[in-house]
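# Predicted model and sequence below, questions to follow.
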Amino acid sequence: MKEIHVSSRKRNEMIDITNIVQQVITEVKLADGFVIVYIPHTTAGITINEGADPSVQQDLIAALQQLVPEHQDYTHAEGNSDAHIKASLLGSSVTVLVKKGQLVLGMWQHIFFFECDGPRNRTVFIQPQESR
Amino acid sequence: MKEIHVSSRKRNEMIDITNIVQQVITEVKLADGFVIVYIPHTTAGITINEGADPSVQQDLIAALQQLVPEHQDYTHAEGNSDAHIKASLLGSSVTVLVKKGQLVLGMWQHIFFFECDGPRNRTVFIQPQESR
Amino acid sequence: MKEIHVSSRKRNEMIDITNIVQQVITEVKLADGFVIVYIPHTTAGITINEGADPSVQQDLIAALQQLVPEHQDYTHAEGNSDAHIKASLLGSSVTVLVKKGQLVLGMWQHIFFFECDGPRNRTVFIQPQESR
């Protein structure tokens, strides 16, 4: 298990961590299998989506804000209930296949840390697993 | 693969199963790897979120009810279409890393069975996997 | 890792791939473990839901369309921002347990490729993993 760190600068922000995940796979010499990318946070998510056109990220962030408004009749007193709700909609991990040492991603797929309550310093755990 | 059972008492309810998952890991003596927590149901989900302040669960349940109303122009005749929709938004499994025999969870993270069509008796499958 | 192909015929469509996934497990003689079903696309998802009554699929497709309208003030110029957003809500993979050579699915559970920007020819990767 490898631990990496990312820092968000906005309240809502998608941070592309694809290269970092690939680097871990290369370092541990994982040939064929998969990798689990896991975050130990409850106000952020992990998601795979298009990385080429930044407008996709913009639309995704805006759509989630519209679905789950920041201010509403929430009972949790910390003012970040929206972030907790988004975390459960996005999920706290993704699993990505690995073949011949490379992440098996589609042409447009990138792996994103999805900050919902930034700016914060965040942790991502990366667990490579060889297949038989 | 271990099978455990939970009983929900409300239509919508988050049941904390963190301790049960940890117990299985301890029983099977899993040292390093991960665990898959899977539910064989289509009207419930599995999610990881804050376990310290119960108001987070209250807000999450209310937000999902608002996003996916119980009564609407659904075609499915059983009256639980909202539960099926929530099941796909939440997901039917989570994968959690394990290190030195302990679940690698963040300070606030708990694993929840998310009932969307209770009260019911439910099953959870827990599959520990050692890493190499 | 096995690669299969599906073709969608509508813009939004759930395609049942349960039998194909089971066939791969049988072919590779996986006895006990799990299987990762992964799609390399950013405008589709993978989900597990009820396969018996097609009205559940109809309600699920309609609910997602209502939550994430096709036409709105999106910035992404390709006209499929809704599909990207749904992809992150649904997720790009599911993990299903396998016991004695059979998918461990609940009575109503089927595995669906969830097309959000069809019709298209699509790819699904299936990665069986034996457990110890």
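Sure, I can see it.
# number of nearby residues for the residue of chain A found nearest chain C?
Nearest residue of chain A to chain C (CB to the nearest CB) works out as A:Gly106 at 3.0 Å. All C-beta atoms are positioned from the backbone trio N, CA, C, and that covers glycine. Applying other CB atoms under 10 Å in any protein chain shown, we find 18 other residues in the vicinity of A:Gly106.
# now do A:Asp32
Neighbour number of A:Asp32 under other CB under 10 Å is 15.
# Run through who's touching the longest helix anywhere in chain A.
Longest helix in chain A by number of residues (criterion: DSSP state H): helix A:54-67. Helix A:54-67 is contacted from outside by A:12-14, A:49-50, A:82, A:86, A:89, A:112, A:116, B:67, C:42, C:67-68, C:74-77, C:81, C:84-85, C:88, using CB atoms under 8 Å, 6 or more residues apart in numbering or on different chains.
# The residue of chain A closest to chain C should be in a helix, yeah?
No. A:Gly106: not assigned to a helix; according to DSSP: H, G, I helix; E, B strand; the rest coil it is coil.
# returning to what we had before: now do the buried residues in the longest helix of chain A.
Buried residues in helix A:54-67, counting neighbours by 16 or more other CB atoms under 10 Å in any protein chain shown, are found at A:Ser55, A:Val56, A:Gln57, A:Asp59, A:Leu60, A:Ile61, A:Ala62, A:Ala63, A:Leu64, A:Leu67.
# and the residue of chain A closest to chain C, backbone torsions?
The phi/psi pair for A:Gly106 (degrees, to the nearest 10) reads phi -70, psi 170.
# again, but for the one 3 residues further on
A:Gln109 has phi and psi values of phi -80, psi 130 when expressed as degrees, to the nearest 10.
# just the one 4 residues further on next, same as before
Comment: the main-chain dihedrals of A:Phe113 come out as phi -80, psi 120, following degrees, to the nearest 10.
# Would you confirm that it contacts A:Ala44?
Yes. Contact criterion CB atoms under 8 Å: A:Phe113 and A:Ala44 qualify, at 6.6 Å.
# count of residues packed around the residue nearest to the residue of chain A closest to chain C when sequence neighbours are not counted?
Spatially, and ignoring its direct neighbours in sequence, A:Gly106 is nearest to C:Pro40 (3.0 Å; CB to CB, 6 or more residues apart in numbering or on different chains). Here the number of neighbours of C:Pro40 (other CB under 10 Å) works out to 20.
# residues in contact with C:Pro40?
Residues in contact with C:Pro40 (CB under 8 Å, 6+ apart) are A:Val104, A:Leu105, A:Gly106, A:Met107, A:Gln109, C:Thr123, C:Phe125.
# can I get these in TSV with distance to A:Lys2 and pLDDT?
Shown next, in TSV, are the contacts of C:Pro40 (distance: CB to CB, whole Å; pLDDT from 0 to 100):
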residue	distance to A:Lys2	pLDDT
A:Val104	19	98
A:Leu105	19	98
A:Gly106	24	98
A:Met107	26	97
A:Gln109	21	98
C:Thr123	29	98
C:Phe125	23	98
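# In ChimeraX, how would I select just the buried ones from those residues?
Burial among these is assessed by 16+ other CB under 10 Å; the matching ChimeraX selection reads:
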select /A:104,105,106,109 /C:125
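# Looking at the contacts of C:Pro40, which two lie furthest apart in space?
Based on CB to CB, the longest span within the contacts of C:Pro40 runs between A:Met107 and C:Phe125 and measures 14.0 Å.
# Kindly report the residues of chain A close to chain B.
Residues of chain A lying near chain B by CB under 8 Å from any CB of the partner chain: A:1, A:36, A:38-42, A:67-68, A:74-78, A:81, A:84-85, A:87-89, A:91-93, A:95, A:123, A:125, A:127-130.
# So which of those residues are in helices?
Reading helices off the residues of chain A next to chain B with DSSP H, I get A:Leu67, A:Ser81, A:His84, A:Ile85, A:Ala87, A:Ser88, A:Leu89.
# on that earlier part again, show me which of the residues of chain A next to chain B are buried.
Members of the residues of chain A next to chain B classed as buried by 16+ other CB under 10 Å are A:1, A:36, A:38-42, A:67-68, A:74, A:76, A:81, A:84-85, A:87-89, A:91-93, A:95, A:125, A:127-129.
# May I have the predicted confidence score for A:Arg132?
Per-residue pLDDT puts A:Arg132 at 68.
# Same check on A:His76?
89.
# give me every residue that touches it.
A:His84, B:Asp53, B:Ser55, B:Val56, B:Gln58, B:Asp59.
# so where is chain A shaky, pLDDT-wise?
A:132 (pLDDT under 70).
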